[in-house]
Structures are given as C-alpha cells and as structure tokens.
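In: next input, structure requested:
(one chain, ligands or ions: 1)
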Amino acid sequence: MAEETIFSKIIRKEIPSDMLYQDDLVTAFRDINPAMPTHILIVPNDLIPTAADVEPEHELALGRLFTVARKLAEEAGIAEDGYRLIVNCKEHGRQDVFHLHMHLLGGAKHGPMLIKKPD
Ligand code: AMP
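Out: Numbering: from 1, shown residues only. Take a look at the predicted model:
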C-alpha cells in the first residue's frame with residue numbers, strides 16, 4: 001500500500017490550498033512555489049504514486065488531467081499562447097511528491113525542454 005502524501009490531505013480539504021477545480025476523479029490547485037506566472041498542479045484523487053505505477057484502470061482519471069488542464073489554461077488566459085504540461089517520475093525525473101501530478105505551466109515563454117546536464 002502506497003504511503004499518502006500532503007496531496008491526499010489537500011484533496012480531502014484537511015489542509016488549505018488554493019484549489020481551482022475538483023470533481024470525482026481529479027483535483028487542481030496552485031503550486032505553492034510557482035515556477036511560472038501560472039503554475040497549477042492537477043492530481044488524480046486516488047493515490048497513484050508515480051507514472052511508473054499507472055494501470056489501465058487509471059486511464060479515465062489520467063485522461064481527465066488533460067481535459068481539466070485545457071479548461072484551466074483557458075480560464076488562466078494562457079491557452080492561446082500555449083503552455084507546458086509536465087509529469088515528473090521518480091528520482092531521475094526529479095519527482096518530489098509521490099502522488100502522480102501534472103504541472104500546468106504558462107504565462108511566459110519556456111526555455112528549451114531538456115537541460116543536458118542535471119545539477
Ligand atoms: P514534483 O517535483 O513534480 O513532485 O512537484 C511537486 C510540486 O508540489 C512542487 O512544484 C511543489 O512546489 C509543490 N507542492 C509541494 N507542497 C505543496 C502544497 N502544500 N501545496 C501546493 N503545492 C505544493
């Protein structure tokens with residue numbers, strides 16, 4: 001059984017967050033340490049620790065991440081110029097919170113996607 005993270009408490013509203021959206025499958029809230037003018041996390045309500053733990057039964061919730069990302073990008077006014085969606089996976093992917101989440105990042109132009117050498 002995977003261990004819960006702070007995201008489960010946010011989803012259950014046991015701790016505060018700047019929540020923008022919630023339905024039966026996913027929750028979206030602003031990242032506490034934004035890396036771009038718009039930085040929103042979209043999270044499946046059920047705990048899937050990493051992208052490496054995804055099963056076919058998760059496909060509905062994971063598809064919902066994209067439709068909610070689209071809606072929130074439109075609401076944030078970043079849909080026309082574009083944005084980046086990121087899912088980090090485990091240590092080499094620089095994942096810090098082990099509850100799978102999609103970052104929606106926009107409001108300014110991103111740099112190149114990959115940094116050749118990790119710091
Ligand atoms: P990752 O490195 O992909 O696991 O991203 C984790 C993200 O969660 C980081 O961008 C953090 O700033 C963000 N984060 C951690 N704790 C919170 C919190 N309590 N509320 C909102 N965002 C958080």
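
In: quick check: bridge partners of the spatially most central residue of the chain?
Out: Centroid-nearest residue in the chain, with CA atoms, centre = their mean: Met102, separated by 2.4 Å. Met102 has the following beta-bridge partners by DSSP bridges: Ile42.

In: check contacts around it.
Out: For Met102, the contact set (CB atoms under 8 Å, 6 or more residues apart in numbering) comprises Leu41, Ile42, Val43, Leu65, Phe66, Ala69, Leu85, Ile86, Val87. C-betas here are computed from N, CA, C, even on glycine.

In: among the residues you listed, which one sits closest to Gly77?
Out: Nearest to Gly77, judged by CB to CB, of the contacts of Met102 is Ala69 at 14.2 Å.

In: so what's the closest one up against?
Out: By CB under 8 Å, 6+ apart, Ala69 lies in contact with Ile40, Ile42, Leu85, Met102, Leu104.

In: now with 10 Å, please.
Out: Residues near Ala69 by CB atoms under 10 Å, 6 or more residues apart in numbering: Tyr21, Val26, Ala28, Ile40, Ile42, Ala79, Tyr83, Leu85, Met102, His103, Leu104.

In: just want the phi and psi numbers for it.
Out: Note on Ala69: backbone dihedrals following degrees, to the nearest 10 are phi -60, psi -40.

In: next up, the contacts around Phe29.
Out: Shown in contact with Phe29 (CB under 10 Å, 6+ apart): 7, 10-11, 16-22, 40-43, 101.
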